[in-house]
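Q: Sequence below, structure please.
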Amino acid sequence: MNIKAIIFDAFGTLFDVSTGGSAKKTIISNIRSCGKSVDEEKFAEEWKAFYIANTSENSVFRKERDIFASRIEMFYSCYGIDRNASADSDLIIRGAYERKAFSEVGEVIESLRKKYKVFIASNTDNDVINEVMTRNNINVDKVYTSENLKCYKPNPNFFRHILDDSGFAPQEVLFVGDSVRDDIIGPRSAGIKSVLVCRSGVPENAGQYCNVKDLNGLFNVIKKLNLR
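A: As a prediction, the model looks like this:
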C-alpha cells in the first residue's frame, strides 16, 4: 500500500527550538537572578519528569500553557523564589512564537503537497503552532495538536484520532519527527511507519523505518516505500 499522507512533528522537526528562547534556560536564569544556585543537570531531569507526568502519563488533560505555569510554580516554590509563575509562563510561550523554520522546510512541504496530504501533529497549544506557522508562512492540509485531540504523544490515541479523522489506513501514512519517544515509539503503537530526523549526532535505533539528516531526504524515502 502506497504512502498517501505525511505527518510532521512541529518543534525540532520543522521549527528550530534553539530559536525563540529556551524555557529551561529562562527559568534557571530567573532563579539565579535571586541569588540561588541551580544544578542544571538535576533541573533538566526534574523538568522533563514533570512534563511527562502531566502530559502523556496523566489521564486528565491539561493545556500545555497550564502545565508550564504549574511546573514553573513548582520550581519557584522549591527554590524560594517570589515571582509570578503564570506571567512568566505566558512570556515563555510568547517567546516560542518566534521559532524559525529550518531552511528547507517551506520548499519541501510545498513540493510534498503536490502529491500527498501533509499534516502537522504536535504536542502544543493551538495558539502557539498557529502563530509559528503564520510567521514562517508554512501551510499544510491540517494541523492536529494536543489541545484539540485532548491527549499527548506518544499516547496511541493521539495517532488513532488522526487516522480516524483523515480516513487513512496506518500503512498509507508516514510520520516524520525528531523525538524517539514521541515520534517513533508513539506512531509505531498505531501501526504507522516513521522516519527519525537527526540533524546532528548519532541517531538512536527505536524501530524507525530510517533516519534523515533533514527533510530533503524524505523524497528518496517515500520513493522507496512506494516501490515496495
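
Q: Quick check: mean pLDDT of stretch 99-109?
A: Model confidence over stretch 99-109 averages 98 on the pLDDT scale.

Q: Report the buried residues of that stretch.
A: Within stretch 99-109, the residues that qualify as buried are 99, 101-102, 105-106, 108-109, counting by 16 or more other CB atoms under 10 Å. The way it works is simple: take the backbone N, C-alpha and C, and place the C-beta from them, glycine included.

Q: so can I have JSON lines of those showing distance to Asn123?
A: Rendered in JSON lines, the data for the buried residues of stretch 99-109 read as follows (distance: CB to CB, whole Å):
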{"residue": "Arg99", "distance to Asn123": "14"}
{"residue": "Ala101", "distance to Asn123": "18"}
{"residue": "Phe102", "distance to Asn123": "19"}
{"residue": "Val105", "distance to Asn123": "18"}
{"residue": "Gly106", "distance to Asn123": "22"}
{"residue": "Val108", "distance to Asn123": "22"}
{"residue": "Ile109", "distance to Asn123": "20"}
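
Q: for those, which one is nearest Gly201?
A: Nearest to Gly201 out of these is Phe102 (CB to CB; 15.8 Å).

Q: Next, count neighbours for the residue nearest to that closest one when sequence neighbours are not counted.
A: In this structure, Phe102 finds its nearest non-sequential neighbour in Asp16, 5.8 Å apart by CB to CB, 6 or more residues apart in numbering. The local packing count at Asp16 equals 16, with neighbours defined by other CB atoms under 10 Å.

Q: can you give me phi and psi for Asp16?
A: Main-chain torsions, Asp16, degrees, to the nearest 10: phi -80, psi 110.

Q: Ok, Phe168 next?
A: phi -90, psi 150.

Q: my read: Lys36 touches Ile81, true?
A: Yes: distance between Lys36 and Ile81: 7.0 Å, which falls inside the contact criterion (CB atoms under 8 Å).

Q: quick one, which of the two is more surrounded?
A: Set Lys36 next to Ile81 and count neighbours by other CB under 10 Å: Ile81 wins out with 20 against 13.

Q: what pLDDT does the spatially most distant residue from the centre of the chain get?
A: Most distant from the centre of the chain: Gly35, at 33.1 Å, with distances by CA atoms, centre = their mean. For Gly35, the pLDDT comes out at 94.

Q: same check, this time on Ala44
A: Reported pLDDT at Ala44 in the predicted model: 88.

Q: Show me what the strand or helix carrying it is packed up against.
A: According to DSSP states H and E, Ala44 maps onto helix 40-54. Counting contacts by 3 or more CB pairs under 8 Å, 6 or more residues apart in numbering; DSSP states H and E, helix 40-54 packs against helix 23-32, helix 64-79.
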